[in-house]
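[1] Here is a sequence with its predicted model. Questions after.
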Amino acid sequence: MKTIGLIGGMSWESTAEYYRIMNETANERCGGLHSASCILYSFDFEEIASRQRDGDWEMLTSMMTDAARRLENAGADVVLICTNTMHLMADEVQDAIEIPLLHIVDVTGKAVADKGLSKVGLLGTRFTMEEDFYTGRLRDKYGLEVLIPPEDDRQAVHDIIFDELCSGIVKPESKETFARIMDDLHAVGAEGIILGCTEIPLLVSQEDAVCPLFDTTEIHARAAVDFALE
């Protein structure tokens, strides 16, 4: 089994889900007492979030590339950035290391394409929903049309992620807000919804939506185990 390197702590709530899903998947695949071989570099998320708010993406890129190099030097065979937003600098991270970076948009795009869908809604931080690094990659590599919520709903999703989910707070009213936004996206043509923030599955699941949901945390974590067992 290859060793998976995780850049986590963004937030630790979702990184814990990565660890759980990877180990459960490895055990499902291999049986016995098998679990995933992994190395974790976990950030203090307050430092990351404050630099995101300030728009200091240059320093954030430096921090991500440094973490990836540390994982490579520690013996990782593949690197995962355990957050959607920080894939904004995924290309720079890949250029900084010799081992592969398993890109969350690629494994998600493939999962959507495998379902035969062509138009999907996207929920995530404002950075993920509004910047081209995510929607553009889905469009250019997988031919997907990506729908995002209107301005007020984008802000509501962003605030729930940072103010609640990153701290492990799950509110029924926030669940209702997400369900309504997902229904609205479906009503304007979304054939499925990408949960494009690794904390969102802490709040909503397939039973909360009328169309297929694509849980990027689970998709990414399971793809890492697939890679490790190739």
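    Arrived safely. Numbering: from 1, shown residues only.

[2] what's the longest helix anywhere in the chain in contact with?
    The longest helix of the chain (DSSP state H) is helix 12-30. Here helix 12-30 makes contact (CB atoms under 8 Å, 6 or more residues apart in numbering) with 1, 4, 6, 8-9, 33-36, 38, 40, 42, 45, 80, 82-83, 165-168, 198-199, 201-202, 217-218, 220-222, 224-225, 228-229. Any C-beta I mention is one placed from the backbone N, CA and C, and that applies to glycine too.

[3] and these, which are buried?
    Neighbour counting with 16 or more other CB atoms under 10 Å marks 1, 4, 6, 8-9, 36, 38, 40, 45, 80, 82-83, 165-166, 198-199, 201-202, 217-218, 220-222, 224-225, 228 as buried within the contacts of helix 12-30.

[4] Now, those residues that are in strands?
    Per DSSP state E, strands hold the following members of those: 4, 6, 8, 38, 40, 80.

[5] among the contacts of helix 12-30, which are in helices?
    45, 217-218, 220-222, 224-225, 228.

[6] Dump those into TSV; add pLDDT and distance to R137 as well.
    Formatted as TSV, the ones in helices among the contacts of helix 12-30 follow (pLDDT from 0 to 100; distance: CB to CB, whole Å):
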residue	pLDDT	distance to R137
F45	96	24
T217	96	18
E218	97	19
H220	98	14
A221	98	19
R222	98	20
A224	98	19
V225	98	23
A228	98	24
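
[7] can you put the residues you listed in JSON lines and add distance to E131?
    Listed next are the ones in helices among the contacts of helix 12-30 as JSON lines, based on distance: CB to CB, whole Å:
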{"residue": "F45", "distance to E131": "20"}
{"residue": "T217", "distance to E131": "20"}
{"residue": "E218", "distance to E131": "23"}
{"residue": "H220", "distance to E131": "19"}
{"residue": "A221", "distance to E131": "23"}
{"residue": "R222", "distance to E131": "26"}
{"residue": "A224", "distance to E131": "24"}
{"residue": "V225", "distance to E131": "29"}
{"residue": "A228", "distance to E131": "30"}
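
[8] Centre-most residue in this protein?
    For the chain, the residue nearest the mean C-alpha position is N84 (3.7 Å; CA atoms, centre = their mean).

[9] Quick check: phi and psi at that residue.
    Taking degrees, to the nearest 10, you get phi -70, psi -50 for the backbone angles of N84.

[10] how near is it to A74?
    24 Å (CB to CB, to the nearest Å).

[11] do the same with T65
    15 Å.

[12] higher neighbour count, those two?
    T65 (18 against 12; other CB atoms under 10 Å).

[13] for the nearest residue to that one once chain neighbours are set aside, what are its contacts?
    Computed as CB to CB, 6 or more residues apart in numbering, the closest residue to T65 that is not its neighbour in sequence is A96, at 4.0 Å. Under the criterion of CB under 8 Å, 6+ apart, the contact list for A96 reads 65, 68-69.

[14] Could you do T3 as well?
    The contact partners of T3, taken as CB under 8 Å, 6+ apart, are 37-39, 75-78, 228.

[15] Pull the distance from the host helix or strand of Q155 to the chain's centre.
    For Q155, the element it lies in under DSSP states H and E is helix 151-163. Computed by CA atoms, centre = their mean, to the nearest Å, the chain-centroid distance of helix 151-163 equals 16 Å.

[16] what does the following helix or strand past it contact?
    As assigned by DSSP H and E, the chain's next helix or strand after helix 151-163 is helix 172-187. The contact list for helix 172-187 (CB under 8 Å, 6+ apart) reads 121, 123, 147, 149, 153, 156-157, 160, 164, 193, 200, 203-204, 208-211, 213.
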